[in-house]
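Undergrad: what would the 3D arrangement of this be:
(chains A and B)
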2 protein chains.
Amino acid sequence: MLHQDSYKQHISAQFNAELESVKNHLLEMGGLVEQQIGKAVESLLNRDSGLAEEVIAGDEQVNELEINIDEECSRILARRQPAASDLRLVLAISKVTTDLERIGDEASKIARQAVKATEEGSANTSSFVEIRHIGNHVSDMLRRALDAFARLDVDMAVQTVIADREVDSEYASAMRSLVTFMMEDPRTIGPVLGQMWSLRSLERVGDHASNIAEHVIYLVRGLDVRHVEPDDLVAQVEEHQ
Amino acid sequence: MLHQDSYKQHISAQFNAELESVKNHLLEMGGLVEQQIGKAVESLLNRDSGLAEEVIAGDEQVNELEINIDEECSRILARRQPAASDLRLVLAISKVTTDLERIGDEASKIARQAVKATEEGSANTSSFVEIRHIGNHVSDMLRRALDAFARLDVDMAVQTVIADREVDSEYASAMRSLVTFMMEDPRTIGPVLGQMWSLRSLERVGDHASNIAEHVIYLVRGLDVRHVEPDDLVAQVEEHQ
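TA: As a prediction, the model looks like this:
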């Protein structure tokens, strides 16, 4: 009996170590993706195509991490057959890794715009402030979503989802001002479009960060809030204490 | 012994029925999303804001299906603890449902552009042909990705992934011609931007259809081709017969 108990404990310790490990790999991937976004924005603002090329090359590592994490999740599900909260954790990790990979894609897209803008020698005065501001905002959202995941912090996750609405409104206002800018000086159409695509990418990063935060809420509360309006979110989460 | 065998058979028949059921729900969701894209494109081309509103309202059903399918997947994993190919099927379904939901989002975005264009009474001559053509192309990709999933047809899946490259090049060429159009007549900047966003949405639909096809390849061959270049795809898939 004792022998069996210690065997079970051993298995359970191994299992916990595996869960810890895949969670750490996800957070590591998150850290890398955060860097990718930060560098992509810098490369665009400073017309630094060397830095942009680094981001483009770095996307391969992001992709590898996604594949590895998905394999780890499959292995855990096949061998350990987790239940309840452990199962939810594995499923959430498998969804979050997709969002992180897509954020990585957006970083590459921004970096490609940076390369193009550098080659064309176009000025970036028309949206410098907006790209800087929205870039900081979504980087902050991403960091908080990942922190919320690491600490299973529902409040922080809720705040992240709500912050996405601000990003959406900042994005809409930046787009409007860029349209005006183009209309006033049609020669700027080409470069300003490039800035619009980059802003769009940043807005998508905000969406993905918000998705990650929603997975944290699901993980901790077992509550699927993916299509809940921000106004109803706080109330629903409080009901599911 | 006999009693136990028949009990096992009973369980296994139930399990198969559950797998069949979640797979059917996914295909049903796929059918709905296909319709949403088709209607969204029609509403944009025909300036039909009634149809566009239908698409926007229909997105709620898409979202509900996503949540239900994810719940079914969690239930199966928790209760049945599937292994090998059954596990791969459940994991693939859980990933594909995310892609379908995002395609649904793109349909809504196109429909919102249709409403806006109808309100503004703007002409759509500048990209009518391109939107029609790329719309048909990505709808076709989506249909084939879902057929490939239903029949576990790897060849069809590979063809779908390869088709995405054509869509990308059609998209790039449509965008270039729209930029020229804007430059020649800056008064069209507003409406042409709307058409660009819609084309971008369609291009994203192609990406998601391609993702779905990649999951089919993973499902049948156990081969993760998400970041394999189209040129290497056929060779890699053939190696993994």
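Undergrad: okay, A:V228: pLDDT?
TA: We have a pLDDT of 84 for A:V228.
Undergrad: isn't it right up against A:V234?
TA: No. Applying CB atoms under 8 Å, one finds A:V228 not in contact with A:V234, separated by 9.9 Å. Glycine gets a C-beta too; all of them are placed from N, C-alpha and C.
Undergrad: give me the helices and strands touching the helix ranked longest in chain A, please.
TA: Secondary structure of chain A per DSSP state H: the longest helix is helix A:2-45. If you count contacts as 3 or more CB pairs under 8 Å, 6 or more residues apart in numbering or on different chains; DSSP states H and E, helix A:2-45 packs onto helix A:49-80, helix A:84-120, helix A:128-151, helix A:189-221.
Undergrad: what's the pLDDT at A:N24?
TA: 97.
Undergrad: and it, how many neighbours?
TA: By the criterion of other CB atoms under 10 Å in any protein chain shown, A:N24 has 11 neighbours.
Undergrad: the helices and strands packed on helix A:2-45: which one's closest to chain B?
TA: Among the helices and strands packed on helix A:2-45, the nearest to chain B by CB to the nearest CB is helix A:49-80 (4.2 Å).
Undergrad: so, in contact with chain B or not, the host helix or strand of A:S169?
TA: Per DSSP states H and E, A:S169 falls inside helix A:154-184. Yes. Applying CB under 8 Å from any CB of the partner chain, one finds that helix A:154-184 is in contact with chain B at A:V179, A:M182, A:M183.
Undergrad: in this structure the first one contacts B:G190, no?
TA: To tie it back to what came earlier, the one meant is A:V179. Yes. Assessed by CB under 8 Å, A:V179 is found in contact with B:G190 at 6.5 Å.
Undergrad: hang on, the earlier thing: mind putting the helices and strands packed on helix A:2-45 into a markdown table with mean neighbour count and mean pLDDT?
TA: Conversion of the helices and strands packed on helix A:2-45 to a markdown table gives the following (neighbours: other CB atoms under 10 Å in any protein chain shown; pLDDT from 0 to 100):
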| stretch | mean neighbour count | mean pLDDT |
| --- | --- | --- |
| helix A:49-80 | 18 | 95 |
| helix A:84-120 | 22 | 95 |
| helix A:128-151 | 20 | 96 |
| helix A:189-221 | 23 | 95 |
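Undergrad: returning to what we had before: ok, and the most crowded of the residues of helix A:154-184 next to chain B?
TA: Ranked by neighbour count (other CB under 10 Å), the residues of helix A:154-184 next to chain B have A:M182 at the top, with 24 neighbours.
Undergrad: about what we covered before: elements contacting the helix holding A:S169?
TA: Against helix A:154-184 (3+ CB pairs under 8 Å, 6+ apart) you get helix A:128-151, helix A:189-221, helix A:230-239, helix B:189-221.
Undergrad: relative to helix A:189-221, how tilted is that helix?
TA: In terms of direction (axes from the mean of the first three to the mean of the last three CA atoms, to 10 degrees), helix A:154-184 departs from helix A:189-221 by 170 degrees.
Undergrad: in helix A:154-184, what's buried?
TA: Using 16 or more other CB atoms under 10 Å in any protein chain shown as the test for burial, helix A:154-184 gives A:154, A:156-161, A:163-164, A:167, A:170-171, A:174-175, A:178, A:181-182.
Undergrad: avg pLDDT for that helix?
TA: Mean predicted lDDT for helix A:154-184 stands at 94.
Undergrad: A:I110 reaches A:L199, doesn't it?
TA: No. With contact defined as CB under 8 Å, A:I110 does not count as touching A:L199 (9.3 Å).
Undergrad: can you count the residues close to A:D232?
TA: For A:D232, using other CB under 10 Å, the count is 10.
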